[in-house]
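1. let me see the structure of the following:
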Amino acid sequence: MGHLDHAAFGWLTPTLSYAMACIGAALGLRCTVRALATTGRARRNWLITAASAIGTGIWTMHFVAMLGFRVSGTDIRYDVPLTILSLLVAMVVVCAGVFAVGYGKDRNRALLIGGLTTGLGVASMHYLGMAAVRLHGDVTYDPVLVGLSVVIAVVAATAALWAGLNIKSPRAVTLASLVMGAAVSSMHYSGMFAVSVHVSPSGATLPGATAMQFIFPLAVGLGSYLFITSAFVALSPTADERQASATAQQPVEGAAR
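-> Alright, predicted model coming up:
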């Protein structure tokens, strides 16, 4: 059995991956708050932005953490189409959960359906990403730990959607994003601790791309997207700010007449 190292670069990859999860969660929550204060096309656009932020944060968290994954006795490669598919799955299922909450008339029912859908989607993203791993050997999973990781994913997703519905202040959003980042990271590492690898030494060339060839540039690109979107959201006026601006302009318009 090959020795698994989940943090080959020390605390660097766990810390960076946690930061990505927190940033995605915080941005998604802020966008959800903006969405619920609007209607029509504006609500739809904010919900799409929220879903893309949360999905990107979760996926980036997973694969930044995977940069530190090593197995003794074998190289590791990643199947590119499957890796991209895992990103698309993360985006689509998070979008479904966010829209269920954003447009659901029965908030409790929408929260349960959205949390279950999103949580199962996040777990699917994780295990699709693991299915993309190519190495010399066989990968097996502890079913108990796999089940635990799925439960954590569902609970974390439900908590995230609940926070989007109920948390409004920036300070509360920051605290919620830190908790959600920890939950997403816990889901990832509980899933990783479920992994066992039986190495079969071979001189054959593994198919796929190395982490530095493919995952690192993609993670950097998605991380940049999160930071740019964060700046956009921070500079966009809130519903209260727009209302205050409109109220302040009314006396001026009346005087002009």
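2. for the residue lying closest to Val146 once chain neighbours are set aside, which residues are in contact?
-> Using CB to CB, 6 or more residues apart in numbering and skipping residues adjacent in sequence, the residue nearest Val146 is Ala194, 4.9 Å away. Every C-beta, even on glycine, is put in place using the N, C-alpha and C of the backbone. Residues in contact with Ala194 (CB atoms under 8 Å, 6 or more residues apart in numbering) are 141-146, 148-149.
3. per-residue confidence at Ala194?
-> Ala194 is assigned 92 on the pLDDT scale.
4. strands of the stretch 1-150 of the chain, start to end?
-> 4-5, 70-71, 76-78, 133-135, 137-141 (DSSP state E, counting those that start in this stretch).
5. contacts for the longest one, please.
-> In other words, strand 137-141. Strand 137-141 is contacted from outside by 2, 71, 73-74, 130, 133, 194-200, using CB under 8 Å, 6+ apart.
6. which one of those is nearest Asn166?
-> Closest approach between those and Asn166, by CB to CB: Ala194, at 32.4 Å.
7. quick one, phi psi at the closest one?
-> phi -80, psi -10 (degrees, to the nearest 10).
8. tell me who's in contact with the most centrally placed residue in the chain.
-> For the chain, the residue nearest the mean C-alpha position is Ile58 (2.0 Å; CA atoms, centre = their mean). Contacts for Ile58 (CB under 8 Å, 6+ apart) come out as 21, 24, 90, 94, 122, 125, 184.
9. most neighbours, which of these?
-> The residue in the contacts of Ile58 with the most neighbours, by other CB atoms under 10 Å, is Gly24 (33 neighbours).
10. burial check on the closest residue to Ala96 other than its chain neighbours, number of neighbours?
-> Closest residue to Ala96 apart from its sequence neighbours, by CB to CB, 6+ apart: Thr117 at 5.4 Å. Neighbour count of Thr117, defined by other CB under 10 Å: 18.
11. likewise Val179?
-> The tally of other residues near Val179 (other CB under 10 Å) stands at 15.
12. now swap in Gly115 and tell me
-> 23.
13. secondary structure element for the residue nearest to it when sequence neighbours are not counted, which one?
-> Closest residue in space to Gly115, ignoring its immediate chain neighbours: Thr158 at 2.8 Å, by CB to CB, 6+ apart. Secondary structure assignment for Thr158, by DSSP states H and E: helix 143-166.
14. then that helix to PDB, C-alphas only?
-> Written as PDB, here are the backbone C-alpha positions of helix 143-166 (Å, rounded to 0.1, in the frame of the first residue of the first chain):
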ATOM      1  CA  PRO A 143     -17.500   3.600   2.800                       C
ATOM      2  CA  VAL A 144     -18.000   5.000   6.300                       C
ATOM      3  CA  LEU A 145     -15.800   8.000   5.700                       C
ATOM      4  CA  VAL A 146     -17.300   8.500   2.300                       C
ATOM      5  CA  GLY A 147     -20.800   8.500   3.800                       C
ATOM      6  CA  LEU A 148     -19.500  11.000   6.500                       C
ATOM      7  CA  SER A 149     -18.100  13.300   3.800                       C
ATOM      8  CA  VAL A 150     -21.500  13.300   2.000                       C
ATOM      9  CA  VAL A 151     -23.300  14.100   5.200                       C
ATOM     10  CA  ILE A 152     -20.900  17.000   5.900                       C
ATOM     11  CA  ALA A 153     -21.400  18.200   2.300                       C
ATOM     12  CA  VAL A 154     -25.200  18.300   2.700                       C
ATOM     13  CA  VAL A 155     -25.100  20.000   6.100                       C
ATOM     14  CA  ALA A 156     -22.600  22.600   4.800                       C
ATOM     15  CA  ALA A 157     -24.700  23.300   1.700                       C
ATOM     16  CA  THR A 158     -27.900  23.600   3.800                       C
ATOM     17  CA  ALA A 159     -26.100  25.900   6.200                       C
ATOM     18  CA  ALA A 160     -24.800  28.000   3.400                       C
ATOM     19  CA  LEU A 161     -28.200  28.500   1.800                       C
ATOM     20  CA  TRP A 162     -29.800  29.200   5.200                       C
ATOM     21  CA  ALA A 163     -27.200  31.900   5.800                       C
ATOM     22  CA  GLY A 164     -28.000  33.400   2.400                       C
ATOM     23  CA  LEU A 165     -31.600  33.700   3.500                       C
ATOM     24  CA  ASN A 166     -31.100  34.900   7.000                       C
END
